[in-house]
Every structure is written in structure tokens, then in C-alpha cells.
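1. Fold the following.
(one chain, ligands or ions: 3)
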Amino acid sequence: MMLAVDIGNTNIVLGVYKQRELLHHFRLSTARQNTVDEYGVLIHNLFHMADISVKDVEGVIISSVVPPLVQVIVDMCEKYIGKEPLLVGPGIKTGLNLRYENPREVGADRIVNAVAAIEQYKCPLVVVDFGTATTFDCIDADANYLGGAIVPGLGISTEALYQRASKLPRIELEKPKKVIGRNTVHAMQAGIIFGYAGQVEGIVRRIKVEMNAPQLKVIATGGLASLIAGETDCIDEVNPMLTLEGLRIIYDRNK
Ligand SMILES: Nc1ncnc2c1ncn2[C@@H]1O[C@H](COP(=O)(O)OP(=O)(O)O)[C@@H](O)[C@H]1O
Ligand SMILES: CC(C)(COP(=O)(O)O)[C@@H](O)C(=O)NCCC(=O)O
Ligand SMILES: [K+]
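-> Ligands and ions are numbered 1, 2, ... in the order given. Take a look at the predicted model:
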């Protein structure tokens, strides 16, 4: 079995693969203060509850956009799984042509998403990853990664509104029945859900013009993708496991 680990700024998503089959996937909080042993306990418990053994893990690959946690998770893999993980970053074979000005600057999750999208869909493509930030990752007809846009994510946007506006409460990220909110919570939900859908549509529209690719396919992923995908017809498909798939593909390219 192979363990794929996607360390995002809000969640750490883990996938257990047997060849190309995703056997299990788990979602943990990204807790920057957690120790090697705390994550080790979590992993062992998750494996135990899934009735699988860390002894059957032949390899591990990690994608991270949270530098403070990378060493913790690497050390956890060595101490509790007995494997030195592959790290998505400079020096690893991804097979991706990066057209970013400084390729080392691109978030590993964006690279991993692009690798998976190119493997599964016809280029040109845009991947929209709804996480802590929402990223738009543009891939041209020749499968070159061009870059894209980075937007404050849904969760942190509503949290910022709660933190900075005295009278506004924390809200559930849920679609309200109407865009005209008749109370504070519904007004805030209308703003974030329908506003975000409009923002996605506006950015995708501009990308299609800039890439001169009106037929460009739009793939959504990330924890919050399903929330928005239902509110706009500019998203062609939601693929929640895209990042894990990209990690599996890159792992296989480096075995
Ligand atoms: N199945 C789900 N339904 C609704 N929200 C989800 C789901 N899975 C994850 N989330 C939410 O998605 C957010 C994290 O998304 P994710 O893409 O993992 O972010 P990041 O990669 O930035 O850590 C969290 O707010 C989490 O609560
Ligand atoms: C934009 C991101 C924070 C998104 O990460 P996430 O929302 O998954 O935590 C991450 O891709 C990142 O740190 N990127 C580095 C800057 C760049 O891609 O240009
Ligand atoms: K992500």
C-alpha cells in the first residue's frame, strides 16, 4: 500500500492506495502545534479503525503548503510508519511543464492538482481548488502549467467578516433560499455563497478570454467545492480526490 499526504492550511488529507485504487481516505486538522507523536497516535488510530496496518505501507508521498508542519509529518512517517517520505518539491519528477516566473514559488498542491487534471482530462483546463485559499490553476492546450489566481477562501472570508464586524456572527457555510436575506445570517450566507459563485464565474470568464479557450474545461476540488459548484454552471465537474490522485501519479513517476 502507498500513503499519500496532502498538507493544506486547514486540513491534512490522507489517502491509502493499493496500486491505483484509493482504499481509504482521512481528513485531519492542520494543527501547527501538534507534535510528531500526536500525529503518530492519530495515524495509528485511523489505520487501526480501518483495519489496516502501517506495516503494509511500502511508500509515502507528501505535498505540503505548510512549511512548519513538513518536518513533523516527515519525522512521524519515519518514526511511526518506518518510511522516509517522498516530498513534492524541487528535484522530484512531476512531469509538469511549469510556466510560472519562479517555479519554486508554486504551491505543491497546485502542481499536484495540475498533474492529476492533465492525466484525467483533455487540456486546456482550469482547476479550481476551494480550500483555505481558492486557487485557479490554468493549464494550456499543450499541458503547460501557466499559473492563475489565488483568492481568500470561503471559510477565512466569513471568519474575517465575523472577526472584524462587531455585530456580525459566525455563520454556517450554507446556501440560503434567497439572495435577498431578510435577517443577518441569511444576508451573510447570501453574500458569501452567491458572491463567491459570481466571483468564480467572473474569473473563469476572464481566463477563457485570456487563454482564447472558450471550451476550456473547469474542474473543481477542495473541501468546499461542492458548496459552490451547485451555484454556477461554469464548473464542469467536482473531483474531491484530485489532489490525492495527483500524489499517486507523482509517486508512481518516482518509484
Ligand atoms: N465533505 C465536506 N463538506 C463540507 N466541507 C468540507 C468537507 N470536507 C472538507 N470541508 C471543509 O473544507 C475546508 C478545508 O478544505 P481543504 O481543501 O482541505 O483546505 P486546505 O487544503 O486549504 O487545507 C474546511 O473548512 C473543511 O471543513
Ligand atoms: C495558495 C495556497 C495557500 C493554497 O493552499 P491551501 O488553500 O490548499 O491551503 C498554496 O497553494 C500556496 O501556499 N501557494 C504558494 C504561492 C503560489 O502558489 O504562488
Ligand atoms: K487544497
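
2. For the closest residue to ligand 2 within the chain, give me its contacts.
-> Taking Cβ to the nearest ligand atom, ligand 2 has its nearest neighbour within the chain at residue 107, 2.1 Å off. No exception for glycine: its C-beta is placed from N, CA and C like everyone else's. Counting by Cβ atoms under 8 Å, 6 or more residues apart in numbering, residue 107 touches 65, 135.

3. Report the contact partners of residue 224.
-> 130-131, 134, 153-155, 173.

4. can you pull the pLDDT of the residue of the chain closest to ligand 2?
-> Note for residue 107: predicted pLDDT of 97.

5. what's the answer for residue 129, then?
-> On pLDDT, residue 129 comes in at 98.

6. what's the answer for the one 4 residues further on, then?
-> As predicted, residue 133 sits at a pLDDT of 97.

7. and what of the one 4 residues further on?
-> The predicted local distance difference test score for residue 137 is 98.

8. Does stretch 227-236 reach ligand 1?
-> No - using Cβ under 6 Å from any ligand atom, stretch 227-236 stays clear of ligand 1, with a minimum separation of 6.5 Å.

9. can you give me the end-to-end distance of that stretch?
-> 14 Å (Cα to Cα, to the nearest Å).

10. Just the buried ones from the contacts of residue 224?
-> 130-131, 134, 153-155, 173 (16 or more other Cβ atoms under 10 Å).

11. Without its sequence neighbours, what residue ends up closest to the residue nearest the centre of the chain?
-> Centroid check for the chain by Cα atoms, centre = their mean gives residue 222 as the closest residue, at 4.4 Å. Sequence neighbours aside, residue 130 is the residue nearest to residue 222 in space, at 3.8 Å (criterion: Cβ to Cβ, 6 or more residues apart in numbering).

12. do the same with residue 186
-> Residue 186's closest residue in space is residue 176 (Cβ to Cβ, 6+ apart), at 4.4 Å.

13. Also residue 198?
-> Nearest non-adjacent residue to residue 198 (Cβ to Cβ, 6+ apart): residue 232, at 7.9 Å.

14. Burial check on the one you found, number of neighbours?
-> The number of residues packed near residue 232 is 17, by other Cβ atoms under 10 Å.

15. same deal with residue 42?
-> Residues contacting residue 42 under the criterion other Cβ under 10 Å number 19.

16. near ligand 2, which residues of the stretch 51-200 of the chain?
-> 65, 105-107, 109-110, 131-133, 135, 150, 153.
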